[in-house]
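S.K.: A predicted structure for the sequence below; I have some questions about it.
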Amino acid sequence: MILIVDLCYRAGSLSRDEFVGPIERLLREAKTPFFTRHYTAVGAPEIEAADGVILCGTALRDTGFAEHPELFRWLPAFGRPVLGISSGMRVLAAAFGGGTEPCCEIGMTDVRVLAPDPLFAGREGFSAYGVHEFAVQVPDTFVSLAASDRCIQAIRHRSLPLYGLLFHPEVRNEWIVERFLQLLEAAR
């Protein structure tokens, strides 16, 4: 069962339809069981029940999640696959001591693969949709997997199955979510 974490400013917000709904649709289409919780409602029962986690993105200036790093302290000890998308990548990096830096990208951007990984196997590059004002400062415990001309676009923890994507794969690169689900299945 996958825990989808809604990082939008409040539960049930209009942004949920744009950033969480497409991920739910992809999991339904893949016949992958999931449950969705707002980040303020994730506790020990949800964490224990999850085989993996997807941290969804948010609207451009929706950064309330960043004011509550204590709500994500469970990530380093989780030990199961995690995919952080856009704001979710920020959450993941912050949980391991990473910061942010200005990097505004809105629209399509060319992404080049920097390091081999099953998530991008067979690809040297691709176009992706981004909508962010900040990029992450990659923590030492992570490796950079992909970048645009402006910033790092994908990271992976060096020893744990934790991934972060600055772009939105649910918009133009659904194959990445499918590959993450395959990695999750292989980890079981």
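M.R.: Yes, it's here.

S.K.: and the helix or strand where Glu48 lies, C-alpha only, in CSV?
M.R.: For Glu48, the host element (DSSP states H and E) is helix 44-49. Presented in CSV, the C-alpha positions along helix 44-49 are these (Å, rounded to 0.1, in the frame of the first residue of the first chain):
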residue,chain,number,x,y,z
ALA,A,44,2.6,6.4,13.1
PRO,A,45,-0.4,4.3,11.8
GLU,A,46,-0.1,5.7,8.3
ILE,A,47,3.7,5.3,8.2
GLU,A,48,3.6,1.7,9.5
ALA,A,49,0.9,0.7,6.9
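
S.K.: what's the mean pLDDT across stretch 46-53?
M.R.: The predicted model gives stretch 46-53 an average pLDDT of 96.

S.K.: right, I mislabeled it, should have said stretch 78-98
M.R.: With pLDDT averaged residue by residue, stretch 78-98 scores 96.

S.K.: and it, end to end?
M.R.: Start-to-end span of stretch 78-98 (CA to CA, to the nearest Å) is 18 Å.

S.K.: next one: stretch 74-81
M.R.: End-to-end distance of stretch 74-81 (CA to CA): 13 Å.

S.K.: and it, how far out from the chain's middle?
M.R.: 13 Å (CA atoms, centre = their mean, to the nearest Å).

S.K.: what residues does stretch 88-100 touch?
M.R.: Stretch 88-100 has contacts (CB atoms under 8 Å, 6 or more residues apart in numbering) with 5, 7, 54-57, 65-66, 69, 72-73, 75-76, 82, 84, 134-142, 155, 157, 162-166. Where C-beta positions appear, they are placed from N, C-alpha and C, glycine not excepted.

S.K.: next, the buried residues of it.
M.R.: Gly88, Met89, Arg90, Val91, Leu92, Ala93, Ala94, Ala95, Phe96, Gly98, Thr100 (16 or more other CB atoms under 10 Å).

S.K.: surely the fifth one is within a helix?
M.R.: Yes - applying DSSP: H, G, I helix; E, B strand; the rest coil, one finds Leu92 inside a helix.

S.K.: now intersect the contacts of stretch 88-100 with the helices, please.
M.R.: Leu75, Pro76 (DSSP state H).
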